[in-house]
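Visitor: I would like to see how this sequence folds:
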Amino acid sequence: MASPHLESMPVAATAAQRAAVFPRVRWMGSKYKLLPHLADVFEEIGGKTALDAFSGSGVVSYLLKQQGYAVHSNDYLGFPATVAKAGVVNHATRLTAGDVDRIIGPRADDRDFIQRTFSGVFFTAEDLGFLDSAWSHIDNLRGHKRAIAIAALCLAAARKQPRGVFTLTGDLSRYDDGRRDLRLSLRDHFVERVEDYNRAVFNSGQACVATAREISELEPKKYDLVYLDPPYAPPADDNDYTKRFHFLEGLSRYWVGDIIMHETKSKKIPKRVTNFSSRRTIEVGLRDVFKKFHDSTIVLSYSSNALPDRATLEALLREFKADVEVRAIEHTYHYGTHSAAKRRSVDEYIFIAR
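Guide: Okay, here's the model as predicted:
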C-alpha cells in the first residue's frame, strides 16, 4: 500500500520515488540521480509503449514500467537483459526462502570453473567457490526465478568488487576503505540482493519484454517513446562496457559460449565493436538510430563532457524531427565510491525530439 506521502506527490515524482527502490549497480552513466527529470519528460510525452534501447542498469526501464508503459528493455550485453527480466518483465515471481536456502546450501555438483579461472584475479577462494556452488543450483531454475537468482548473484559480485569494475585485479586490499560491501561474503551479499529484487517486483498490468541485441539488430518498430542512453564517447579514454563489466557478463551465463582471453590479467572476454565504440563513428551510429526510430518520439540522454557536442546532436536530430527541445541539468558525475573518486560537474542533456 502506498504511503500517504507518495499519494500526495505529483504522478511523475511518485513514479521516480518508486523507481529508486530498483537494485542499484554502479554502472557507467547510471541515471538514478536523473530519475525525477526523466519521469517528468516521460509523463509529458505520454503514450503506452516505450523502448529503452540501451538499458544498462535497468533503472530507466523500471521507471517506464512504473509510469505504466509496456516496456521493451534492450542492451547489447546479456547481463542487463537478465536484470530486466528479473525486475521489469517479471510481474509476480519472487524467490522463496526455500529457494535461497538451496542456492546457498551444499553444492549440487562438483563444478569449479570459476575457482580455476579466476583464482588470484577476483575475490577469495571462498567467494569463488560460492559462485560455482550457487550456479550448480541456478542451472536447475527456469523463468523469472532463474533471472532473479542470476541478477542477485551478479549484483552481489558488483557490490563486492572495489569501485564496481572488473579492470582491478589481484590484491585489492589497498581499496578497502571499510565499506560494509567489501566486508560481506558473496554468500551474504547474495541473500541481501535477492531481497532487493524481490522487493522491486510489482505488476504494472502491461506486458514487457527484454532483449540482448545490438541496436542495429532491432526492428524499426514504432513506439510512443524511444529512450536512448548510448555509451558516451569521451574525448579521451574509452567507453568499453565489456572491459569494465566482463565478469558480470560471463557470470550471467556461467561463461557458456564465451571465449575467455586467458592472456589478459582480468580474463576478459572480447568486446563487441559497434558504431558507439569510438568517437570517430558515433555520429554515424546516432544518425542510423534516429533514422530507424524517426516515427517515434525520441528522448536522448547525453553529457556535455562527451562527443559529439550539443549543437551536433541537435543537428542530427533535426534531420529527422522538426521539434527538438534540449533540457540541461547540472550533474556531478563520478565513478567509484572511494574518497579519491574523480568527480566532475557537467551538464546532463535531455533531448526531446517529436
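
Visitor: can you list the domains in this protein?
Guide: Domain ranges of the chain: 1-91+202-220, 94-201+234-274, 293-354, per automatic domain parsing.

Visitor: Most tightly packed of these?
Guide: Each of the domains of the chain was scored by mean neighbour count; the highest is domain 1-91+202-220, a mean of 20, by mean count of other C-beta atoms under 10 Å. To be clear about C-beta, it is placed using only N, CA and C from the backbone, and glycine gets the same treatment.

Visitor: And for residue 21, nearest residue in space, chain neighbours not counted?
Guide: residue 200 (5.9 Å; C-beta to C-beta, 6 or more residues apart in numbering).

Visitor: Redo the domains of the chain as a markdown table? Include mean pLDDT and distance to residue 281.
Guide: Putting these into a markdown table (pLDDT from 0 to 100; distance: least, C-beta to C-beta, whole Å) gives the following:
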| stretch | mean pLDDT | distance to residue 281 |
| --- | --- | --- |
| domain 1-91+202-220 | 92 | 12 |
| domain 94-201+234-274 | 96 | 8 |
| domain 293-354 | 87 | 11 |
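
Visitor: can I get those in JSON lines with distance to residue 228?
Guide: As requested, those are exported to JSON lines (distance: least, C-beta to C-beta, whole Å):
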{"stretch": "domain 1-91+202-220", "distance to residue 228": "5"}
{"stretch": "domain 94-201+234-274", "distance to residue 228": "14"}
{"stretch": "domain 293-354", "distance to residue 228": "5"}
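
Visitor: who wins for proximity to residue 286 among these?
Guide: When the domains of the chain are ranked by distance to residue 286, counting by C-beta to C-beta, first place goes to domain 293-354 at 5.6 Å.

Visitor: contacting residues for residue 57?
Guide: Shown in contact with residue 57 (C-beta atoms under 8 Å, 6 or more residues apart in numbering): 24, 25, 27, 30, 31, 32, 80, 83.

Visitor: mind redoing it with 10 Å?
Guide: When the contact criterion is C-beta atoms under 10 Å, 6 or more residues apart in numbering, the partners of residue 57 are 22-32, 75, 80, 83-84, 155, 158, 229.

Visitor: Could you look up the SS state of the nearest residue to it once chain neighbours are set aside?
Guide: Using C-beta to C-beta, 6+ apart and skipping the chain neighbours, the partner closest in space to residue 57 is residue 27 (4.0 Å). With DSSP: H, G, I helix; E, B strand; the rest coil as the basis, residue 27 sits in coil.

Visitor: likewise residue 130?
Guide: With three-state DSSP as the basis, residue 130 sits in helix.

Visitor: start at 44 instead
Guide: That works, and once the first residue is 44, the last one we named lands at residue 173.

Visitor: just to revisit the earlier point, surely the residue nearest to residue 100 touches residue 288?
Guide: Yes. The pair formed by residue 70 and residue 288 meets the contact definition of C-beta atoms under 10 Å, at 7.9 Å.

Visitor: Mutual contacts of these two, please.
Guide: Taking C-beta under 10 Å, 6+ apart as the contact rule, residue 70 and residue 288 both touch 99, 123, 201, 207, 208.

Visitor: Checking my notes, the second one in a helix, right?
Guide: Yes. When the secondary structure is assigned by three-state DSSP, residue 123 falls within a helix.

Visitor: roughly how far apart are it and residue 368?
Guide: Plainly put, residue 123 is 28 Å away from residue 368 if you go by C-beta to C-beta, to the nearest Å.

Visitor: any chance of the shared contacts of residue 70 and residue 288 in CSV, with secondary structure and distance to residue 156 too?
Guide: Below are those laid out as CSV (DSSP: H, G, I helix; E, B strand; the rest coil; distance: C-beta to C-beta, whole Å):
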residue, secondary structure, distance to residue 156
99, coil, 27
123, helix, 23
201, helix, 20
207, helix, 23
208, coil, 22
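
Visitor: which two in these are spaced the farthest apart?
Guide: Using C-beta to C-beta, the two most remote members of those are 123 and 208, lying 15.5 Å apart.

Visitor: For residue 151, which non-adjacent residue is spatially closest?
Guide: Nearest in space to residue 151, with sequence neighbours left out and distances taken as C-beta to C-beta, 6+ apart, is residue 179 at 4.0 Å.

Visitor: quick one: that neighbour and residue 235, what's the gap?
Guide: Distance of residue 179 to residue 235, computed by C-beta to C-beta: 21 Å.

Visitor: Likewise for residue 117?
Guide: Applying C-beta to C-beta, the value for residue 117 to residue 235 is 28 Å.

Visitor: hang on, the earlier thing: is it correct that the residue nearest to residue 64 is in contact with residue 65?
Guide: Yes. With contact defined as C-beta under 10 Å, residue 243 reaches residue 65; the gap is 5.3 Å.

Visitor: list residues touching both of the two?
Guide: In the contact map built from C-beta under 10 Å, 6+ apart, the residues linked to both residue 243 and residue 65 are 101, 105, 108, 130, 131.
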